[in-house]
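A.B. asks: model the structure of this input:
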Amino acid sequence: MDMKKMMKQAQKMQREAALAQEEIAGMEFTATAGGGMVQATVTGGMEVKAIVIDPEAMDPEDAEMLQDMVVAAVNEALRQATEASNARMNGIMGGMNLPF
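C.D. replies: Take a look at the predicted model:
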């Protein structure tokens, strides 16, 4: 493979990666915890967009449980976003294991 062809291929992959990152950033991922008592939505850009808490989960005697459910829901939503991002980028890069 000649250098010119390799450079064109690299530029194409770079454009595709930038488009994929833009697409992923606009995606939303939602996860729940506590049997659906807490719901967290994050973007593919790893920003928390919404937290929804069922009023029944708000026990003033057990704030720690609610806090744990919020953390669990947010972490699961972020894990989903990361997994989707990695899968999309690996598809573009053909498993080259490049940092994103």
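
A.B. asks: C-alpha from now on. contacts and neighbour counts both.
C.D. replies: Will do.

A.B. asks: avg pLDDT for the host helix or strand of Lys5?
C.D. replies: Counting by DSSP states H and E, the element that carries Lys5 is helix 3-25. For helix 3-25, mean pLDDT is 87.

A.B. asks: what packs against it?
C.D. replies: helix 63-93 (3 or more Cα pairs under 8 Å, 6 or more residues apart in numbering; DSSP states H and E).

A.B. asks: report the angle between the helix holding Lys5 and helix 63-93.
C.D. replies: 150 degrees (axes from the mean of the first three to the mean of the last three Cα atoms, to 10 degrees).

A.B. asks: next structured bit after helix 3-25?
C.D. replies: Toward the C-terminus, helix 3-25 is succeeded by strand 28-33 as the next helix or strand (DSSP H and E).

A.B. asks: okay, the angle between that following strand and helix 63-93?
C.D. replies: Between the axes of strand 28-33 and helix 63-93, defined by the same axes, to 10 degrees, the angle is 140 degrees.

A.B. asks: CA-only coordinates of strand 28-33, as CSV, when you get a sec.
C.D. replies: Extracted as CSV, the C-alpha positions of strand 28-33 are listed here (Å, rounded to 0.1, in the frame of the first residue of the first chain):
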residue,chain,number,x,y,z
GLU,A,28,-29.2,9.5,25.5
PHE,A,29,-28.9,6.5,27.9
THR,A,30,-31.3,5.8,30.7
ALA,A,31,-30.9,3.3,33.6
THR,A,32,-32.9,2.6,36.7
ALA,A,33,-32.1,1.4,40.2
